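Undergrad: pasted the sequence and its predicted model underneath.
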Amino acid sequence: GGHGGRTKLPFKPITPVAATEDTFVVPQGYIWEPIIRWGDPILPGGVPFDVAAQSAAKQELAFGYNNDYTDIIVTNRAGTKALLCCNHEYVNAEIMFPPDLATEEQLKIAMAAHGFAIVELERSAPGEKWSYVPSAPKNRRITASTPFEITGPAAGSDLLKTKADPTGTVALGTIGNCSGGTTPWGTILSGEENFNGYFRADGTAPEGKRYGLSDGESSYGWEAIEPRFDARTPDYANEPNRFGYIVEIDPTDPTSTPRKHTSLGRLKHEGANVVIADSGHVVAYTGDDERFDYLYKFVSKGRYNKHNRRKNLDLLTEGDLYVARFHGDSPEAEIDGTGKLPSDGKFDGYGQWIPLVKNGRSKVSGMSVEEVLVHTRLAADKAGATKMDRCEDVQPSPTTGKVYVACTNNTDRGKDGKAGPVEPNPRNANKDGHIVEIVEDDGDHTSRVFRWNLVIVAGDPTAEGTYFAGYPKDKVSPISCPDNLAFDSEGNLWISTDGQPDSIGLCDGLFKVPLEGRERGHVQQFLSVPREAETCGPVVHDKDGSVFVAVQHPGEDGSWNDQHSQFPDYVDGTAAKGEFAGPRPSIVQVFKK
Ligand code: FEO
Ligand code: CA
Ligand code: CA
Ligand code: CA
């Protein structure tokens, strides 16, 4: 498959939408509708959302804010029931709270609006639209206060102990959850990304600085109501070490304890995607989304057994951790920072996976296994990993096994004192990002070496230094800042973007691009999200004729009195008393008319 000619989701690319427009646009012949919005009640006792009467108690029973990683897992043979699984990365307090709402209550609501949601869906028949089921048995909210079990070699380490948890094995809550992945055994992985913004810290320790921890009020201010977010005190100096992991949640069991896996390292994890190698070992690819940070791979010690789900639930607790080193095959002088192709016509080369932890031992001199897994960025610095242009989603193709890495952008590349252009990150001041295609040696996901090439060097196709696998540029949609990735059943890549308003003056969107055959590189825009929103999810059920996206932070640059978006309920700025004229982050379904 993968030639893109027989798709069950045919569409004519939409016209790109100017960044100032507050509108949700789908192709001709399709319609869109929200499934669930911030504040919609999902648990027993929940009440309909009322922006003027918010409370933490209500938020704990309701869908959270700023949904990012999303999956919709169909659970019955008839295709009429499903689990919506989605995380809640952060909040936009300045547009969600009426100014007269007490500050302490705002902080508590914010904590309750973070984390994760699992919600049962139902529909009358395949191809029809989904509705969510309030108070269904599997519905669940995980918040910034929910206990998580810490697993793996660093669990119980002195680096993870705090006054409240002298065992170093139970962390409260998950925060900054960005992208994620669904495992072959039906659990959800989610990456704790920008956790540093939640802490006030000493600000001088190199281990903290490397993760952006600093002394100064935190971005969210939670230290005002919970001492653990003030890491300047000896009691909670280690609290930030308990965030920055891949978390795993079993959506089929609402009583299960979610877990944080130290074996995949601590970084600003964008997400993680799992593939089963031919040997049965489970391989997870994960990126660190920070300028000049790294790409990682985990290989499990145990092997996948489709008849033993209980054992599969432990596969991510033990294994080897690697970081990527890329080598270009063109002369350095030909990588001039403009994106001009080198004389061999490709940004390409080979790469190595450098071990950080192998067979339970540290491979980094001067660091213990616990230190490598908690201060992973410092270990990777020592290992000589390649500084990337912000690795976001990393996704293996289910049809070819090739692995795709969305490097979203890096406007600091080539600046004074910063790393300059290299073949895998060839543009200075890279505002548009690129996509790396990795082919593991012999197609073996556990391999130590790989080949790579840049399949897309993104941007306005009329601009110099863009590349779409050689596809005619006048036929591709403009695309910038690739972020989350997904595949359809034919192996086409779907790319959602985050940052187009700033880079190319367009609203963010969702794009399809075939990867094989004559259509390789033919980027086509499927939808566009409202003003100041980022496109997340995405979920492509092409056999069902439907696509789902999480619309994150619509109208985020507005204020309570100057809302920039009214998505998804668009009341034309003339909201009747009691109606909310601001935005509500939502999960949207797009299906055929
Ligand atoms: Fe939350 Fe890396 O985007
Ligand atoms: Ca080359
Ligand atoms: Ca992201
Ligand atoms: Ca992003």
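TA: All right, it came through fine. Ligands and ions are numbered 1, 2, ... in the order given.

Undergrad: per-residue confidence at Thr574?
TA: Looking at Thr574, its pLDDT reads 52.

Undergrad: actually Gly127, not the one I wrote
TA: 85.

Undergrad: report the contact partners of it.
TA: Asp544, Gly545, Ser546, Phe591, Lys592 (Cβ atoms under 8 Å, 6 or more residues apart in numbering). The way it works is simple: take the backbone N, C-alpha and C, and place the C-beta from them, glycine included.

Undergrad: residue numbers of the stretch 51-200 of the chain in contact with ligand 3?
TA: Cys178, Ser179 (Cβ under 5 Å from the ion).

Undergrad: tell me which element the residue of the stretch 51-200 of the chain found nearest ligand 2 falls in.
TA: Here the stretch 51-200 of the chain gets closest to ligand 2 at one residue, Ser179, 28.8 Å apart by Cβ to the ion. Assessed by DSSP states H and E, Ser179 sits inside strand 177-182.

Undergrad: ok, Ser447 next?
TA: Short version, using DSSP H and E: Ser447 is in no helix or strand.

Undergrad: that one contacts Asp441, correct?
TA: Yes: with contact defined as Cβ atoms under 8 Å, Ser447 and Asp441 form a contacting pair (4.1 Å).

Undergrad: per-domain residue ranges of this protein.
TA: Per automatic domain parsing, the structural domains of the chain span 1-32+478-572+589-593, 40-145.

Undergrad: would you map the helices across the stretch 151-300 of the chain?
TA: For the stretch 151-300 of the chain, the helices defined by DSSP state H, counting those that start in this stretch occupy 206-209.

Undergrad: and for the stretch 1-150 of the chain?
TA: Using DSSP H, counting those that start in this stretch, helices in the stretch 1-150 of the chain cover 56-60, 93-96, 103-113.

Undergrad: Throw the ones you listed into TSV and include mean pLDDT and mean neighbour count, thanks.
TA: Shown next, in TSV, are these (pLDDT from 0 to 100; neighbours: other Cβ atoms under 10 Å):
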stretch	mean pLDDT	mean neighbour count
helix 56-60	98	20
helix 93-96	97	19
helix 103-113	98	21
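
Undergrad: count of neighbours near Tyr211?
TA: The number of residues packed near Tyr211 is 25, by other Cβ atoms under 10 Å.

Undergrad: and the stretch 451-593 of the chain, which residues reach ligand 1?
TA: Asp483 (Cβ under 6 Å from any ligand atom).

Undergrad: and the stretch 451-593 of the chain, which residues reach ligand 4?
TA: So far as Cβ under 5 Å from the ion goes, the stretch 451-593 of the chain lies against ligand 4 at Asp483, Asp498.

Undergrad: nearest to ligand 3: which residue in the stretch 451-593 of the chain?
TA: For the stretch 451-593 of the chain, Cβ to the ion, closest residue to ligand 3: Asp483, 4.4 Å.

Undergrad: which residues sit in contact with that residue?
TA: Asp483 neighbours (Cβ under 8 Å, 6+ apart): 179, 392-393, 406, 408, 495-499, 534-536.

Undergrad: state the phi and psi torsions of it.
TA: Phi and psi for Asp483, reported as degrees, to the nearest 10, are phi -130, psi -90.

Undergrad: spatially nearest residue to it, not counting backbone neighbours?
TA: Leaving aside its sequence neighbours, Asp483 sits nearest to Asp498 (Cβ to Cβ, 6 or more residues apart in numbering; 4.1 Å).

Undergrad: interface residues of the stretch 251-400 of the chain facing ligand 2?
TA: So far as Cβ under 5 Å from the ion goes, the stretch 251-400 of the chain lies against ligand 2 at Asp329, Ser330, Pro342, Asp344, Lys346, Asp348.

Undergrad: the residue lying closest to Pro396 once chain neighbours are set aside pairs with what?
TA: Nearest-residue entry for Pro396: Val275, 4.3 Å, with adjacent residues in sequence omitted and distances by Cβ to Cβ, 6+ apart. Beta bridges link Val275 to Val283, judged by DSSP bridges.

Undergrad: make sure Val275 is actually in contact with Thr399.
TA: No: under the criterion of Cβ under 8 Å, Val275 makes no contact with Thr399, lying 11.9 Å away.

Undergrad: ok, Gly203 to Leu378 distance?
TA: 17 Å (Cβ to Cβ, to the nearest Å).

Undergrad: out of the two, which sits in the more crowded spot?
TA: Set side by side, Gly203 and Leu378 show unequal neighbour counts under other Cβ under 10 Å, the larger going to Leu378 at 18 against 13.
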